[in-house]
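Asks: what would the 3D arrangement of this be:
(2 chains)
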Amino acid sequence: MVEKNIIINNHLGIHARPAALIVQEAARFKAEITFSKEDVRGINGKSIMGVMMLAAEQGAEVTITATGEDAAAAVERLADLMQSDFEAKV
Amino acid sequence: MSGSNTYRKICGISAAPGVGIGRAFVYKKGTPAITRRRIGTSQVEAEIERFLYTLHLAGDEIRRIRRMVAAEQGEELAQIFDAQLAMLEDVQIKEQTQQWIREKHYSAEHAFSVTLRGMKKAFREIENEYMRARVSDVMDIENQVLMRLAGSEVQGLQATRSNTIIFAYELLPSEMVQLERRQIKGVVLDIGGTTSHAAIIARSLRLPIIVGTGNSSQRVKTGEMAIVDGNEGVVHVHPGAEMERDYRALLRRQLRRQRDLDSRSDLPAETRDGCDITLLANIDIPTEVQVALEHGARGVGMYRTEFLYLSYRLPSEEEQYQAYVQIIRAITPAPVTIRTIDLGGDKLSHVLDVQQESNPFLGWRGIRICLDEPELFKTQLRALLRAGCEGRVQILLPMVSEIRELIKARALIEEAKEELRARGQAFQEDCKVGIMVEVPSVAIMVDQFAKQVDFLSLGTNDLTQYVLAVDRGTSRVANLYDPFHPAVLRLIKMVADSGDRHGKPVSICGEMAGDPLATILLIGLGLSSLSLSPGLIPEVKEIIRATTCEQAREVAGKCLEMATGDEVCRYLEEVMGEVLPFWRRASRRE
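Replies: Numbering: from 1, shown residues only, chains lettered A, B, ... in the order given. Got it, this is the predicted structure:
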């Protein structure tokens, strides 16, 4: 199991479009991916509904957890994406 | 209901001139009914199969719309559909719905709506306002899928064929922009007034539109033959061969006249005694700039930014920047005046905390919202200021009613500049700032405002409403709405004179600026800059070229002394008869 804590930088937080991007990326990996934030735990990283309900605003700390063969790569890639401002990436 | 194939005449109010001939398409927006039936054990797998197949179909449709929006409005806007697509394919939704079908033997539509009900509830409980508003996305896909499960075709506006007349209860601006210009020949709405947004867009698309027809969308069936007569304000259903032939002849004459006007679009808008009048375009969507240029506009006098905000979420600074830049680049070095959002609170209820108002026109709207929601406002201001680097941008503030609002807005503009400086982003430092003159208090006190702005723009639609106490959207009183009323004319004169005294340019951007009957009068009142729907520029220009400044001043002087708007109009029709003998006003005043 691989785990990493990151801070959300995007000023609007993870709204619909970033959530769509995150889910798209997560789906590329075989690993099981979950997100946690404060009291919200074990959100399925491949479900846009889950990611949106995480309601991660700017400055929120999110824990990315992955288990499976490509877990390390998945955490690495998602941490990069989630810390970006999204605007520039699209 | 009348039987099919019989002639029927439907009366309404003409909101845009012209004639359209085609087949009716009745556009209905409905919420699908959900059947709470249970299924038998043997049907479970088939029901799951039906659910998954429906998701697949709905996904295809969203992808199709996405492609269309990308091609027409740009990739930025199209990306909003990515989120919908991802929701539609969401694993949680799929798994939970299948679980309900399998364990509780719910029908697919029941299982799907129960699943989404849980999701919507969770969304509503989120503290972040922005995320909470995503409920509307969930509802959107819910409708798409349920409608298909229930077996009813989703009747989108994109699904229309050529030569179509649209009949609808009402059309939202966001729906109007979907109309395929080449295929739609006319629009007939049950409700609405002549200056509703739907009417304004129809005019810019050069589509005849009849509003306030009561219940025409229920009296007509898709596929029936219809003629929309935007000159007379009537619709003929099953017109018969003879009537159709007459109308086709009229249509040919109109097309010839249009081509004739278009061929002279390069000529200057100059009176016979040499007064140069600046004709600018009012636009709602970036792609209209091309139409404006083709018709000889010398700039954009008012870009209404509301469309950017009518989607189910707020546009980002970047999205706005892209839209503004698209317009500016297309028309530079001509100036672009961009009006900051002028929406009523009701249009923003998905992102703001809005209360029901009994008088929305006198309520929380325009600059009032912007000053209360500085972040919303500054996001737009930053996009505007940045876009200014690509050409010449002027900021136009709507609904100002007192000086304090202007001062506060200016302070927020400075804050937005400061934020851009801190980010190290380039922007237009010397961006000019003006206000709409549309609240009577501003027209009356215009001297005070003229000192503190760079320019003034007369919004005669709202000014008329406020001066005459008439809601133009209420069909019962719409006939009292009259921008030719001498009370309105006197205010226009006051504003024009004040601008003159203070050396501040005054333009007019209300509907009146595009009404050929008003052209000579407006010039005579002292206005030398008119901003109007692109399609109306050629005709207005022809009138300018046929009159003189001297004559215009004389005409305006007489109108100012008249007692009623009707008197003014009758007189102006007489004047037009002398100036352009073959002229006939296309849309009749009722």
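
Asks: contacting residues for whichever residue of chain A sits closest to chain B?
Replies: Closest approach between chain A and chain B, counting by C-beta to the nearest C-beta: residue A:16, at 3.7 Å. Bear in mind the C-beta positions are built from the backbone N, C-alpha and C, glycine included. Taking C-beta atoms under 8 Å, 6 or more residues apart in numbering or on different chains as the criterion, residue A:16 is in contact with A:52, B:80, B:83, B:134, B:137, B:313.

Asks: repeat that for residue B:455.
Replies: Contacts of residue B:455 (C-beta under 8 Å, 6+ apart): B:394, B:432, B:434, B:499, B:504, B:505, B:506, B:507.

Asks: how does it look with 6 Å?
Replies: B:434, B:504, B:505 (C-beta atoms under 6 Å, 6 or more residues apart in numbering or on different chains).

Asks: residues touching the residue located most distally from the centre of chain A, list them.
Replies: Note on chain A: the largest C-alpha distance from the chain mean falls to residue A:69, namely 18.2 Å (C-alpha atoms, centre = their mean). Residue A:69 makes contacts with residue A:30, as judged by C-beta under 6 Å, 6+ apart.

Asks: and it, how far is that from residue A:82?
Replies: Taking C-beta to C-beta, to the nearest Å as the measure, residue A:69 falls 22 Å from residue A:82.

Asks: turn the contacts of residue B:455 into JSON lines, columns for pLDDT and distance to chain A.
Replies: Converted to JSON lines, these look like this (pLDDT from 0 to 100; distance: C-beta to the nearest C-beta, whole Å):
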{"residue": "B:434", "pLDDT": "98", "distance to chain A": "30"}
{"residue": "B:504", "pLDDT": "97", "distance to chain A": "37"}
{"residue": "B:505", "pLDDT": "97", "distance to chain A": "36"}
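
Asks: could you dump the contacts of residue A:16 to CSV with pLDDT?
Replies: Formatted as CSV, the contacts of residue A:16 follow (pLDDT from 0 to 100):
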residue, pLDDT
A:52, 85
B:80, 70
B:83, 79
B:134, 70
B:137, 71
B:313, 64
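
Asks: of the residues you listed, which is the nearest to residue A:5?
Replies: residue A:52 (20.3 Å; C-beta to C-beta).

Asks: that closest one and residue A:19 touch, don't they?
Replies: Yes: with contact defined as C-beta atoms under 6 Å, residue A:52 reaches residue A:19; the gap is 4.7 Å.

Asks: those two: who's more crowded?
Replies: Using other C-beta atoms under 10 Å in any protein chain shown, the more surrounded residue of residue A:52 and residue A:19 is residue A:52, with 30 against 27.

Asks: check which helix or strand the more buried one maps to.
Replies: helix A:48-53 (DSSP states H and E).

Asks: just checking, what packs against that helix?
Replies: The helices and strands touching helix A:48-53, judged by 3 or more C-beta pairs under 6 Å, 6 or more residues apart in numbering or on different chains; DSSP states H and E, are helix A:16-26.

Asks: what sits up against the next helix or strand along the chain from the helix it packs on?
Replies: Counting by DSSP H and E, the next helix or strand C-terminal to helix A:16-26 is strand A:32-37. Contact partners of strand A:32-37, identified using C-beta under 6 Å, 6+ apart, comprise A:26, A:42-43, A:45, A:54, A:56, A:60, A:62-63, A:65-68, A:74.

Asks: which pair of these spans the longest distance?
Replies: A:60 and A:68 (25.2 Å).

Asks: tell me which parts of chain B are close to chain A?
Replies: Within chain B, the positions adjacent to chain A are B:79, B:82-83, B:86-87, B:90-92, B:119, B:122, B:126, B:128, B:130-131, B:134, B:318 by C-beta under 6 Å from any C-beta of the partner chain.

Asks: list the contacts for the residue in chain B positioned nearest to chain A?
Replies: The nearest approach of chain B to chain A comes at residue B:83, 3.7 Å away (C-beta to the nearest C-beta). Counting by C-beta under 6 Å, 6+ apart, residue B:83 makes contact with A:16, A:17, A:20.

Asks: near residue B:500, how many other residues are there?
Replies: 14.

Asks: what's the nearest residue to it if we skip its chain neighbours?
Replies: residue B:526 (6.4 Å; C-beta to C-beta, 6 or more residues apart in numbering or on different chains).

Asks: do residue B:148 as well
Replies: residue B:54 (4.8 Å).

Asks: could you say which helix or strand holds that neighbour?
Replies: Going by DSSP H and E, residue B:54 is in helix B:44-73.

Asks: tell me the mean pLDDT for that helix?
Replies: The pLDDT scores in helix B:44-73 average 81.

Asks: and stretch A:7-26, by the same measure?
Replies: pLDDT averaged over stretch A:7-26 gives 85.

Asks: for the stretch 251-400 of chain B, just list every one of the strands.
Replies: B:278-283, B:300-304, B:336-339, B:393-397 (DSSP state E, counting those that start in this stretch).

Asks: need those strands in TSV (columns: mean neighbour count, mean pLDDT and distance to residue B:357).
Replies: Shown next, in TSV, are those (neighbours: other C-beta atoms under 10 Å in any protein chain shown; pLDDT from 0 to 100; distance: least, C-beta to C-beta, whole Å):
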stretch	mean neighbour count	mean pLDDT	distance to residue B:357
strand B:278-283	26	95	27
strand B:300-304	26	95	22
strand B:336-339	24	97	22
strand B:393-397	25	97	21
